[in-house]
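Colleague: here is my input, please return the structure:
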Amino acid sequence: MSAATTSAGGGRPRLAPPPDATAPVRHPDAPAPGELLGAHYDQCFGCGEDQPQGLRLAARAGEGVSVTAEFTVRPAHQGAPGLAHGGVLVTALDETLGSLSWLRRVIAVTGRLESDFLRPVPVGATLYLSARCTAVAGRKMYGTAEGRIGGPDGPVAVRAEALFVEVDLGHFTGNGRPEEIRAAMSDPDQAKVARAFEVNP
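Modeller: Predicted coordinates:
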């Protein structure tokens, strides 16, 4: 690991891209700007439609390698009374950042994510999220995200920087619980099978 990707003390990797990082490139077959991405897996806590307490986050492709998303905080997402749990907000940021992989047509998982909480998010509020890929270095993809309340131009409530790492399908099939892997792989809808393993679960 180069000095550019390690901290001064030689500990955890930094989130700043190394000097040899390149600009991200949108895949020619990526969804068009404005297109709804849909859930990659119906059981995903972040975007799945079959998770009753999940976020059901709806992401849309943006320009370049960027996405926007929304989710409304429900009572099941509380931490303190009437306020969203911080872990739920981080999950929303992570899910939005993970959706960037669809625009590059790679399979990637979260390697590291750092978040800042700037203001409380009440139950009933809609969090308007945006994320963009800032750089690519080998298998590493760097990105930033933020969540606003009151509208897409409202005040920033949460933000994050993240490092995602490209993996192959074996990352999921070799580590996931066998029952879920078998169920996902045996779905007769082959498009759903392919999507189930595209984005960080």
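Colleague: what about the strands in this protein?
Modeller: Counting by DSSP state E, the segments of the chain that form strands are 58-61, 66-72, 108-117, 126-137, 140-149, 156-166.
Colleague: make a markdown table out of those strands and add mean pLDDT, distance to residue 51 and mean neighbour count.
Modeller: (Each C-beta comes from the backbone N, C-alpha and C, glycine too.) Formatted as a markdown table, the strands of the chain follow (pLDDT from 0 to 100; distance: least, CB to CB, whole Å; neighbours: other CB atoms under 10 Å):
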| stretch | mean pLDDT | distance to residue 51 | mean neighbour count |
| --- | --- | --- | --- |
| strand 58-61 | 92 | 13 | 21 |
| strand 66-72 | 95 | 12 | 22 |
| strand 108-117 | 94 | 18 | 16 |
| strand 126-137 | 97 | 17 | 21 |
| strand 140-149 | 97 | 19 | 23 |
| strand 156-166 | 96 | 21 | 21 |
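Colleague: looking at those, which is nearest to residue 15?
Modeller: With CB to CB as the criterion, residue 15 lies closest to strand 156-166 of the strands of the chain, at 4.6 Å.
Colleague: which other residues reach the closest one?
Modeller: With contacts defined as CB atoms under 8 Å, 6 or more residues apart in numbering, strand 156-166 is touched by 13, 15, 89-90, 92-94, 97-98, 100-101, 106-121, 127, 139-149, 200.
Colleague: how about the strands of the chain in a markdown table, adding distance to residue 27?
Modeller: Formatted as a markdown table, the strands of the chain follow (distance: least, CB to CB, whole Å):
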| stretch | distance to residue 27 |
| --- | --- |
| strand 58-61 | 11 |
| strand 66-72 | 14 |
| strand 108-117 | 13 |
| strand 126-137 | 12 |
| strand 140-149 | 13 |
| strand 156-166 | 13 |
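Colleague: among those, which is nearest residue 44?
Modeller: For residue 44, the closest of those is strand 58-61, at 11.5 Å, according to CB to CB.
Colleague: coming back round to it: would you mind saying which of the strands of the chain lies nearest residue 47?
Modeller: Smallest distance to residue 47 across the strands of the chain (CB to CB): 7.0 Å, for strand 58-61.
Colleague: for that closest one, which helices and strands make contact with it?
Modeller: Where contact means 3 or more CB pairs under 8 Å, 6 or more residues apart in numbering; DSSP states H and E, strand 58-61 is packed against strand 66-72.
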